[in-house]
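Asks: Predicted model, plus sequence, below.
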Amino acid sequence: MQQNDEEDRVYSELRKSVGRFIFDQGVASVFRDMIGRSVPGYGTTIRMVSVLASQYVQPVSRCYDLGCSLGAASLAMQQGIGVPGCTIIGVDDSFEMLKQARRHLPAAGDSTPVELVCADLRDIKIQDASMVVLNFTLQFILPEQRLELLQRIHRGLRPAGILVLSEKIGFPDLEHEALQIEMHHAFKRANGYDALEISQKRQALEQVLIPETLVQHRQRLESAGFSRSDLWFQCFNFISLIARK
Ligand code: GEK
């Protein structure tokens, strides 16, 4: 089990100017707390990655956790995989995130080994995969680069392989969008964030995390070659899809 439970106070002090959000040492050291208190249903997505791994990972195949941060989804896959000969590859371009992830990675023992790779996921070769996880990562890739990435994932998946895609989404109806954001902010307040923290973090993420609608995601998955994509989870403006080769 990972231990990284420092409290997130990153945006608690008033800043003269709020720069772009980056996954630096300050964020990495509180990330577990930050994501748990910020993303409704995050724990559920991690637990279900484990369930989906037990159902869909094929013997002697690769599993990818792209944008792995502290490796929570990699560990969930490791716990779920019940077939022999697999490798889990966790990829993140934040050195600080991987430094924390490595500190908490348990020795593999008899279970599926996890390799952590510090690289841009846009440069990673995906091959012989039966499961790929993008748990709240695609939202940080420029929209015009997303199709190419999904095509590459699709090509690298074996027949019957799956992609788990979790994202913060937007809504075409502005009133619906406003209500979802209101509920998300209520969730954050209920988890102890104050108005300043919520607004400064929102500002920092503005140019960095670019949400799209559910329809845009599903259409892109189809264009990338996936035979179907199904919504299995939604809590407010956070969703997760399972896409099948
Ligand atoms: C979890 N999946 O705990 N290449 C590699 N990594 C990247 C890139 C890129 N181009 N862009 C962003 N990242 C995790 C949570 S967090 C989600 C994922 C969030 C990495 C970035 O460094 C960060 O660690 C991760 O993607 C996004 O299940 O913070 O909302």
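Replies: Here it is on my side, so go on.

Asks: Residues of this protein that sit close to the ligand?
Replies: 23, 35, 67-69, 72-73, 91-94, 97, 120-122, 135-137, 140-141 (Cβ under 6 Å from any ligand atom). Using the backbone N, CA and C atoms, a C-beta is placed for each residue, glycine as well.

Asks: Just the residues you listed: which are in helices?
Replies: 35, 72-73, 97 (DSSP state H).

Asks: Mind picking the two most distant members of the residues you listed?
Replies: 73 and 97 (12.7 Å; Cβ to Cβ).

Asks: just the strands in this protein please.
Replies: 62-66, 87-92, 114-118, 129-135, 157-170, 212-213, 228-235, 238-244 (DSSP state E).

Asks: The shortest one packs against which elements?
Replies: Under the contact criterion of 3 or more Cβ pairs under 8 Å, 6 or more residues apart in numbering; DSSP states H and E, strand 212-213 touches strand 157-170.

Asks: picking up where we left off before, if you count what's nearby, which of residue 73 and residue 97 comes out ahead?
Replies: The neighbour count for residue 73 versus residue 97, taken as other Cβ atoms under 10 Å, is higher for residue 73 (30 against 25).

Asks: Can you give me the distance of that one to residue 23?
Replies: 16 Å (Cβ to Cβ, to the nearest Å).

Asks: now residue 133
Replies: 17 Å.

Asks: ditto for residue 193
Replies: 19 Å.

Asks: The two - which one has more neighbours?
Replies: Shown here are residue 193 and residue 23; by other Cβ under 10 Å, residue 193 has more neighbours (21 against 18).

Asks: so what's the more buried one up against?
Replies: By Cβ atoms under 8 Å, 6 or more residues apart in numbering, the residues touching residue 193 are 37-38, 201.
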